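[1] Curious how this folds, go ahead:
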Amino acid sequence: MIHVKDLSVSFSDVRVLHDVSFDVATGESFALVGESGSGKSTILKALAGQLPAFTGTLRIGEDNDTDRPFSARDRARQVQMVFQDPYGSLHPRRTIDDTLNEPLLIHGLPDRDSKVIAMLDAVGLPRRFRFRLPHQLSGGQRQRVAIARALMLNPPVLLLDEPTSALDVSVQAEILNLLKSLREEKNLTFLLVTHDLPVVSFLCDRLAILHAGRIVETANTEALRSGQLSSSYGQELFQRSVYG
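    Residues are numbered from 1 along each chain as shown. This next block holds a predicted model:
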C-alpha cells in the first residue's frame, strides 16, 4: 500500500533524508521511530504532498508515483494525516459539523448529514457534539474529531504524526484503542511516527528505526518487545524506553 524507495530530501544545502526505502503492506501498521530531527516527520510530509522537492520514488495505493505532479484531489482520497496537536489542527471558529462536512463538500459527495453522524458514532463522539466548537471539547475529544475528519473520504492510508503525545496518559490509551479498532474494522494501513516504543508495541506490526536521516534497522514488534533489536542505536532507544 505504501512504497518508498531511495527517498532523499535536502533543505538548502543540508540533506535530512538519505536514500530511505521501505514498504508497508495493505492493512499493516508500520512505525517510523527515532529521536527528534531523525527525519520521521519529513517522510510523512513527502507522502502527504507537503514537500516541494525530493528525489526517489513514493507510491500510495493505486496512485501513480508522486515524484511527478498529480491531482491533490486524488491524493486526498488515498491518504490523510492525523496531527500531533488536536487543537492546532482544527479551525477554532468552525463547528465540528463544519469540519467534517468540508471534505465531503469539496469532493461533491452526497448524503453528507448521514455520513457525518455515522463518523461521529465510529469515533465514539456523542452526536450532541456535532455543533460545538473545538474549545468546547477536551483534548481527547478533539483528537477524535481529527481522526473522524481524516476518515471522511474513506482513505485506505492514515499517516499518524505522534497522534497521542499531546494528550494525558489516560486519554492516550483511549485514542490508541480507537485507532486499533478502526484499523481492524476498515482494513486501514497506518504509517505512524513516534518516539514512544510502547505505543509502537501496542499499535504496530513492524518498525523502521531512523538515525540522522537513515534507516539503520527494520524489525517486527516481537523483536521490539523482547529487546532483540539488532542495531546499536535500536538497542540504545530500547534501553532508554525501559530504564528512562
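
[2] buried sites along whichever helix or strand Val199 is part of?
    Assigned by DSSP states H and E, Val199 belongs to helix 197-203. Within helix 197-203, the residues scored as buried using 16 or more other C-beta atoms under 10 Å are Leu197, Val199, Val200, Leu203. (Glycine included, C-beta is placed from N, CA and C.)

[3] In contact with the second one, which residues?
    It refers to Val199. Going by C-beta atoms under 8 Å, 6 or more residues apart in numbering, Val199 touches Ala31, Thr164, Gln172, Leu176, Leu192.

[4] farthest pair in those residues?
    Greatest spatial distance among the contacts of Val199 (C-beta to C-beta): Ala31 and Gln172, at 15.4 Å.

[5] Who has more neighbours out of the two?
    Ala31 (26 against 20; other C-beta atoms under 10 Å).

[6] Which neighbouring elements make contact with the helix or strand hosting the more buried one?
    If you go by DSSP H and E, Ala31 is part of strand 29-33. Contact analysis of strand 29-33 by 3 or more C-beta pairs under 8 Å, 6 or more residues apart in numbering; DSSP states H and E lists helix 40-47, strand 189-194, helix 197-203, strand 206-211 as its packing neighbours.

[7] any idea which of those is most buried?
    Comparing the helices and strands packed on strand 29-33 by mean neighbour count (mean count of other C-beta atoms under 10 Å), strand 189-194 comes out on top with a mean of 25.

[8] give me every residue that touches the closest residue to Glu174 other than its chain neighbours.
    With C-beta to C-beta, 6 or more residues apart in numbering as the criterion, Glu174 has its nearest non-adjacent residue at 5.9 Å, and that residue is Gly140. Counting by C-beta under 8 Å, 6+ apart, Gly140 touches Leu167, Asp168, Val171, Glu174, Ile175.

[9] out of the residues you listed, who's nearest Glu222?
    Ile175 (23.9 Å).

[10] low pLDDT regions in the protein?
    62-70, 242-244 (pLDDT under 70).

[11] longest helix in it, by residue count?
    The longest helix of the chain (DSSP state H) is helix 169-186.

[12] Tell me which residues are up against that helix.
    So helix 169-186 is contacted by 27, 29, 122-124, 138-140, 143-144, 147, 151, 154, 160, 163-164, 167, 188, 190, 199, 202-203 (C-beta under 8 Å, 6+ apart).

[13] Now go through these and say which are in strands.
    Ser29, Leu160, Phe190 (DSSP state E).

[14] need the contact list for the residue nearest to the last one when sequence neighbours are not counted.
    Nearest residue to Phe190, sequence neighbours excluded (C-beta to C-beta, 6+ apart): Ser29, at 4.0 Å. Shown in contact with Ser29 (C-beta under 8 Å, 6+ apart): Arg183, Thr189, Phe190, Leu192, Leu203, Cys204, Asp205.

[15] Please repeat the previous calculation with a cut-off of 6 Å.
    Applying C-beta atoms under 6 Å, 6 or more residues apart in numbering to Ser29 gives the contacts Phe190, Leu203, Cys204, Asp205.

[16] Sounds good, over and out.
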